[in-house]
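>>> here is my input; please provide its structure:
(chains A and B)
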There are 2 protein chains.
Amino acid sequence: MSSPPRSPALLTDRYELTMVDAALRAGTADRRVAFAVFARGLPAGRRYGVVAGTGRLLDALADFRFGDAELAFLEEHQVVGAETLAWLADYRFAGDIRGYGEGETYFPGSPLLVIEGGFAEAVLLETLVLSILNHDCAIASAASRMTAAARQRPCLDMGARRAHEESAVAAARAAYIAGFEGTSNLAAHARHGVPSAGTSAHAFTLLHDTEEDAFAAQVAAMGAGTTLLVDTYDVPSAIRTAVRVAGTQLGGIRLDSGDLATEAFRARALLDELGAHDTQIVVTSDLDEYAVAALAAAPVDRYGIGTSLVTGSGHPTARLVYKMVARHDGDGTGDGAGDGWVPLAKASAGKASVGGRHWAYRRTREGRAVAEVLRPSPQAGPDERPLDRVLVRAGEIVGVEPLESARERHARSRAELPEQALRLSPGGPVIPTEWV
Amino acid sequence: MSSPPRSPALLTDRYELTMVDAALRAGTADRRVAFAVFARGLPAGRRYGVVAGTGRLLDALADFRFGDAELAFLEEHQVVGAETLAWLADYRFAGDIRGYGEGETYFPGSPLLVIEGGFAEAVLLETLVLSILNHDCAIASAASRMTAAARQRPCLDMGARRAHEESAVAAARAAYIAGFEGTSNLAAHARHGVPSAGTSAHAFTLLHDTEEDAFAAQVAAMGAGTTLLVDTYDVPSAIRTAVRVAGTQLGGIRLDSGDLATEAFRARALLDELGAHDTQIVVTSDLDEYAVAALAAAPVDRYGIGTSLVTGSGHPTARLVYKMVARHDGDGTGDGAGDGWVPLAKASAGKASVGGRHWAYRRTREGRAVAEVLRPSPQAGPDERPLDRVLVRAGEIVGVEPLESARERHARSRAELPEQALRLSPGGPVIPTEWV
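Okay, the predicted model is just below:
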């Protein structure tokens, strides 16, 4: 049922495979390494990021196998040699992955995931890990700003048509984590349990001989609790028709054009005049977090958000990287810390990073987050809560959780941030990252 | 093998289903209508758009069925009633679709697709059609600017990690249509035949005890014709090591950081000094069409482009709409034209459109495009070439063509545009759209 591709193993950059091939030949494929997934910075102006995609990644990892079809392709196109084909046929990730809980907020340097294992088994996951997290974190980060701007009013994802058909499903899921009430997308409902909603489009009105016919047909099928689209022709006359057809128990009207604040005030006044005091006003039409905030004083009951949500409101990718941060030396000497791990960092201009494995903690003061603390060993300081969860242990996927858990985690994590986190004005990360 | 989901039927907004449900109950579901897919305008500053996704849509259409799993979901969640479930179980699109050839350039109002059929069967396709075309056209439109800026130098898609894992595959395909040489993405190669390429990342160098060990391992596996990544530590010493290890027949070096123009000049001088005159220089690192243009004078042989490509270089969606433009009146009277079709248009503020079915032509003068001509009947004027292809005839998919045909069509179509089409400075559509 609209299920995702069976094996995601080829959703991968070719160089992951050629590196495996070369490392196997050189005898370095099994060297134990640690990769970390992190953002060097947040998108310009953003005060926090939101982790999403972890659950999708664990699902994909369970299916990450090279079957006959994948192996035949790799052989035919000489992507790797025979020894590597045999190695891939037996591949399953047997290492460890820990990472931020889905829904958690994050900051520059936050290690969203730490993947430890042999070089070859771990590098193979790079592209897929980044594809999933870069997309889903970008959407959740934008969505969180929208739900914050909407305060208690529900937001509904309506962006499917403005995104690739599969990324639309992931976007609905990420938005739900970040507080959206639901989605227009049925596959997101079927696959991920995100509540779906939807009533009608302008075409439905145009199909019928009169607007009244169209409204009557919709009410006959869906009941008076439905939401009628009232801006195909003239809004005030459509509202009168809607209430005449559905009665004052009409569930809602939708406004999809014009100056939405002005239209909402007019519509509310007219609905009240007609006695439809409980009829909700749903607005749609190129909304983003700024437009939502600007409608705070208008009598709007819910927001339908499309393009801006599924394109990350100006930042369609989270720009996370997957970097090798440490290598195990095999004899336990390492960097002198006694655990055998040697921190690594490249020196490329403008792309230098902090090497070594880190464990992450959120330091709070009186219940408010004050710093993101990254430590070289797993040990919380005072007033620090750990941000890591064990996701995969020796190849066994142990971190699967219900989507609701991620949604609740996000609500808690965002509520814990300093108040200025929710400002839409441009700003830097709302708490500093400390490498201690 | 990394195949797309089997049935795309739920990759759909819920309201498409509820409209079908209401129309079936009202007896209006079979009214014959025409939908058109078009852009109200191009993204700000863009001079032309590029059609992509048509081939993917035809593939998806072949699989667009409601099977047991989809029907069970719709029933369980009471999306539609029993009569509609029965109708959906038998659903297959039996109407007609014509549209622009994939790879063709387009302008505001260009009817990229015209879908004719019963209301219910045609409205059901809305979300999927828009998801596919909005994404793929956005990528192809950005990619075309990049290949134009690169002139004869090849561009390679490396964006998989910065996009949803499935949209990355579609992006590689769209970029290929718009002139990219290939992709890093193996699934795009396996599914669509887009040539793939890739060698190694910084992690491969960091894995080994020395840069020389890493280069030697890569050359042992892939031969001297490989491309070595030389900016993990110090570029000049890496280039010397690379030529020492691989010889002067080294295929290429890759620069992924720093000021790429400066680095390319230095690298070329050093390679030439070392006798590696044929070693190519590949540059990557946040390139977009402007960066590519700025490197025109630098000794660069090919460009690897990632983030900016897969996010549409600032315009991640083409903002195409799927609008009902005409309704057949059943008795052949229509609007007096004698064919029974009545043009339709809603009056929503700021979203009005030209109603009626149109056939599209590109008018040329001395081999150069001078106008996009949209006519209410299929009849070419002088010096006008038709832009429509028949894609689906009475439900039979007849428009499938090889990907190479779309790539060649794009090259021809772009070459026919006025020269200023290729300028990167902001401008309006390079030819006017005329409704005649």
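>>> okay, and for the stretch 51-200 of chain A, where does confidence drop off?
Scanning the stretch 51-200 of chain A for pLDDT under 70 picks out no residues.
>>> residue ranges with poor pLDDT in the stretch 201-350 of chain A?
A:331-338, A:347-350.
>>> residues from it in reach of chain B?
A:201-208, A:213, A:216-218, A:220-222, A:231-234, A:256-259, A:307, A:310-311, A:316-317, A:319, A:322-324, A:327, A:344, A:346-350 (C-beta under 8 Å from any C-beta of the partner chain). (C-beta placed from N, C-alpha, C; glycine too.)
>>> and the residue nearest the centre of chain A?
Compute the mean C-alpha point of chain A, and by C-alpha atoms, centre = their mean the closest residue is residue A:136, 2.8 Å away.
>>> any idea how far residue B:288 is from that one?
23 Å (C-beta to C-beta, to the nearest Å).
>>> equivalent analysis for residue A:73, please.
For residue A:73 relative to residue B:288 (C-beta to C-beta), the value is 31 Å.
>>> so residue A:293 touches residue A:147, yeah?
No: in this structure residue A:293 lies outside contact range of residue A:147 using C-beta atoms under 8 Å: 11.5 Å.
>>> now do the SS call for residue A:108.
coil (DSSP: H, G, I helix; E, B strand; the rest coil).
>>> show me what contacts it?
Shown in contact with residue A:108 (C-beta atoms under 8 Å, 6 or more residues apart in numbering or on different chains): A:38-42, A:429, A:433.
>>> kindly report the same for residue A:139.
Residue A:139 neighbours (C-beta under 8 Å, 6+ apart): A:52, A:170-171, A:174-175, A:178, A:309-310, A:312.
>>> what does the residue nearest to residue A:39 when sequence neighbours are not counted show for phi and psi?
Among residues not flanking residue A:39 along the chain, residue A:320 sits closest, at 5.2 Å (C-beta to C-beta, 6 or more residues apart in numbering or on different chains). The phi and psi values for residue A:320, taken as degrees, to the nearest 10, are phi -70, psi 150.
>>> domain assignment for chain A?
Annotated domains of chain A cover A:14-124+A:319-435, A:151-313 [automatic domain parsing].
>>> if we can go back for a sec, drop anything exposed from the residues of the stretch 201-350 of chain A next to chain B.
A:201-208, A:216-218, A:221-222, A:231-233, A:256-258, A:307, A:310-311, A:316-317, A:319, A:322-324, A:327, A:344, A:346, A:348 (16 or more other C-beta atoms under 10 Å in any protein chain shown).
>>> check the offset of the helix or strand harbouring the residue nearest to the centre of chain A from the chain's centre.
Assigned by DSSP states H and E, residue A:136 belongs to helix A:126-150. Centre-to-centre, helix A:126-150 and its host chain are 3 Å apart (C-alpha atoms, centre = their mean, to the nearest Å).
>>> just checking, next helix/strand downstream of that helix?
Past helix A:126-150, the next helix or strand by DSSP H and E is strand A:155-157.
>>> the following helix or strand past that following strand - contacts with which helices or strands?
Proceeding N to C from strand A:155-157, the next assigned helix or strand is helix A:165-177, under DSSP H and E. On a contact count with 3 or more C-beta pairs under 8 Å, 6 or more residues apart in numbering or on different chains; DSSP states H and E, helix A:165-177 meets helix A:126-150, strand A:155-157, strand A:182-183, helix A:186-192, helix A:307-310, helix A:403-416, helix B:126-150, helix B:165-177.
>>> can you give me the angle helix A:165-177 makes with helix A:126-150?
Here helix A:165-177 runs at an angle of 50 degrees relative to helix A:126-150 (axes from the mean of the first three to the mean of the last three C-alpha atoms, to 10 degrees).
>>> returning to that earlier point: what subset of the contacts of residue A:108 is buried?
Buried among these by 16+ other C-beta under 10 Å: A:38-39, A:42, A:429, A:433.
>>> now do the strands in the stretch 151-300 of chain A.
A:155-157, A:182-183, A:227-229, A:252-255, A:280-283 (DSSP state E, counting those that start in this stretch).
>>> pull the residues that contact the second one.
Spelled out, it's strand A:182-183. A:154, A:156-158, A:160, A:172, A:175-176, A:189, A:194-197.
>>> farthest-separated two in these?
A:154 and A:160 (17.8 Å; C-beta to C-beta).
>>> ok, those two, which is more surrounded?
A count of neighbours by other C-beta atoms under 10 Å in any protein chain shown puts residue A:160 above the other of residue A:154 and residue A:160, at 31 against 17.
>>> contact partners for the more buried one?
Per C-beta under 8 Å, 6+ apart, neighbours of residue A:160: A:168-169, A:171-172, A:183-185, A:310, B:11-13, B:127, B:131.
>>> with those residues in mind, which one is nearest to residue B:85?
Out of the contacts of residue A:160, the member with the shortest distance to residue B:85 (by C-beta to C-beta) is residue B:12, at 15.0 Å.
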